[in-house]
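**Q** Next come a sequence and a model predicted from it.
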Amino acid sequence: MKKERINLIELSATPLGVLIAPMCASFMQTDAASEIFNAHRHDYYSLFLLDRGSITYEVDVQYVKMATGSLLIIRPGQVHRLLSLSDISGWVMSFDSKLIDQLAAAALERESPSISLITLKDEDISFVKDLLNSLWKVTQQTPQVDFQPQLLQALLNAVCYHVVNLCRQSLLVTEPSNSRQAQIAAQFSALVKSHNIKNKRPAGYAAMMNLSVSYLNDVVKAATGYSATYIIQQQVMGEAQRLLRYSTKSVKEIAFVLGYQDHRYFIRLFGKVCGMSPVAYRKTDHKSDYANRGTQFNADQLIIHEK
């Protein structure tokens, strides 16, 4: 049954800021086992590397099937739930993005698509497994040794940079020609995630960043291919879709939660961006055939296109 609100699971208090463990069929047998089968979201990144078996998730209304030799990244705030798993072996890791350096965080945010599911080559599987195994060993060191946090951070950065490269290879993404533009676009994206409820116009973000509106629009367009307004709308309407799908809030309540005092304006905007009314969207059967197309996705297939 749908819940009135989507549960947020926070990263357990740990001095290291990362949780990592070998993945096996028994890794679900915890106090939180029932929670992962219900729709929820995290305040941290999750990485799953599967070197045997299969796992099916629902991530932001898409059905995603991991097969042997695949890697999945779930972003902070994405609503997801476990649907099934079979004969699994691999690694699972959760980490706070604040633990990695700013360049790694910006690259991970910029380069990985809405749903990052990648099929790996054998050499990539071995390389990532070695990194994750080393990370795990560092977290198991007790008592804490000298430079343990620094070593952990270095290994985590290595994982993140390698994942970014894998995303680029699978989606044919190239490095933006202007690193300053990339930094501005990443900063804008982060601000939109934090302030989209109260600030829905590019001018507000331009003021926060001490930029002109026209320059911000030009930079965001050059770095992402989309306008600043489009990025803002995608963030807000993405959350609207999650609430329509995973909660029992009324359309009027959802509009208010997302910062719209006039719910009729929200309904019109949702229809423009998503191609149907909120009520029609809620009634739609969201099961898709993505899970049957293999494990490599194109980012454009997983984005809401403006009508």
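**A** Great, that's in hand. Numbers count the residues shown, from 1 in each chain.
**Q** which residues touch Gln78?
**A** Arg41, His42, Val59, Asp60 (Cβ atoms under 8 Å, 6 or more residues apart in numbering). The C-beta positions use only the backbone N, C-alpha and C, and glycine is treated the same way.
**Q** what two of those residues are the furthest from one another?
**A** His42 and Asp60 (12.7 Å; Cβ to Cβ).
**Q** When those two are compared, which one has more neighbours?
**A** Shown here are His42 and Asp60; by other Cβ atoms under 10 Å, Asp60 has more neighbours (22 against 19).
**Q** still on that earlier bit, quick one: which of the contacts of Gln78 sit in strands?
**A** Residues of these located in strands (DSSP state E): Arg41, His42, Val59.
**Q** What number of residues are in the vicinity of the last one?
**A** Counted with other Cβ under 10 Å, the burial measure for Val59 works out to 21 neighbours.
**Q** Kindly state the pLDDT recorded for the closest residue to it other than its chain neighbours?
**A** Leaving aside its chain neighbours, Val59 sits nearest to His80 (4.4 Å; criterion: Cβ to Cβ, 6 or more residues apart in numbering). pLDDT, His80: 88.
**Q** ok, now which ones touch His80?
**A** Per Cβ under 8 Å, 6+ apart, neighbours of His80: Ala39, His40, Arg41, Tyr57, Glu58, Val59, Asp60, Ile74.
**Q** how close does it sit to Asn165?
**A** Relative to Asn165, His80 is positioned 24 Å away (Cβ to Cβ, to the nearest Å).
**Q** Quick check: mean pLDDT of the host helix or strand of Leu151?
**A** Under DSSP states H and E, the secondary-structure element containing Leu151 is helix 148-171. In this model, helix 148-171 has a mean pLDDT of 85.
**Q** Please write out the alpha-carbon positions of it in PDB.
**A** In PDB, the C-alpha atoms belonging to helix 148-171 read as follows (Å, rounded to 0.1, in the frame of the first residue of the first chain):
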ATOM      1  CA  GLN A 148      43.000   5.400   7.700                       C
ATOM      2  CA  PRO A 149      40.500   8.100   6.700                       C
ATOM      3  CA  GLN A 150      42.900   9.500   4.100                       C
ATOM      4  CA  LEU A 151      43.500   6.100   2.600                       C
ATOM      5  CA  LEU A 152      39.800   5.400   2.500                       C
ATOM      6  CA  GLN A 153      39.100   8.700   0.800                       C
ATOM      7  CA  ALA A 154      41.800   8.100  -1.800                       C
ATOM      8  CA  LEU A 155      40.300   4.700  -2.700                       C
ATOM      9  CA  LEU A 156      36.800   6.000  -2.700                       C
ATOM     10  CA  ASN A 157      37.800   8.800  -5.100                       C
ATOM     11  CA  ALA A 158      39.500   6.200  -7.300                       C
ATOM     12  CA  VAL A 159      36.200   4.200  -7.500                       C
ATOM     13  CA  CYS A 160      34.200   7.400  -8.300                       C
ATOM     14  CA  TYR A 161      36.500   8.500 -11.100                       C
ATOM     15  CA  HIS A 162      36.600   5.000 -12.600                       C
ATOM     16  CA  VAL A 163      32.700   4.900 -12.500                       C
ATOM     17  CA  VAL A 164      32.600   8.300 -14.300                       C
ATOM     18  CA  ASN A 165      34.900   6.900 -17.000                       C
ATOM     19  CA  LEU A 166      32.700   3.900 -17.300                       C
ATOM     20  CA  CYS A 167      29.600   6.100 -17.700                       C
ATOM     21  CA  ARG A 168      31.400   8.100 -20.400                       C
ATOM     22  CA  GLN A 169      32.300   5.000 -22.300                       C
ATOM     23  CA  SER A 170      28.900   3.500 -22.200                       C
ATOM     24  CA  LEU A 171      27.100   6.800 -23.100                       C
END
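**Q** Of all the residues in that helix, which ones are buried?
**A** Judged by neighbour count (16 or more other Cβ atoms under 10 Å), helix 148-171 contains these buried residues: 148, 151-153, 155-161, 163-164, 166-167, 170-171.
**Q** Which strands and helices lie in contact with it?
**A** Secondary-structure packing of helix 148-171 (3 or more Cβ pairs under 8 Å, 6 or more residues apart in numbering; DSSP states H and E): strand 70-74, helix 102-111, strand 116-119, helix 122-139.
**Q** Please compute how far it lies from its chain's middle.
**A** In this view, helix 148-171 has its centroid 16 Å away from the chain centroid, taken as Cα atoms, centre = their mean, to the nearest Å.
**Q** That one vs helix 122-139, what angle?
**A** When axes from the mean of the first three to the mean of the last three Cα atoms, to 10 degrees is applied, the directions of helix 148-171 and helix 122-139 differ by 160 degrees.
**Q** This structure - how does it break down into domains?
**A** 7-171, 179-293 (automatic domain parsing).
**Q** Comparing the ones you listed, which yields the minimum mean pLDDT?
**A** Among the domains of the chain, domain 7-171 scores lowest, at a mean of 83.
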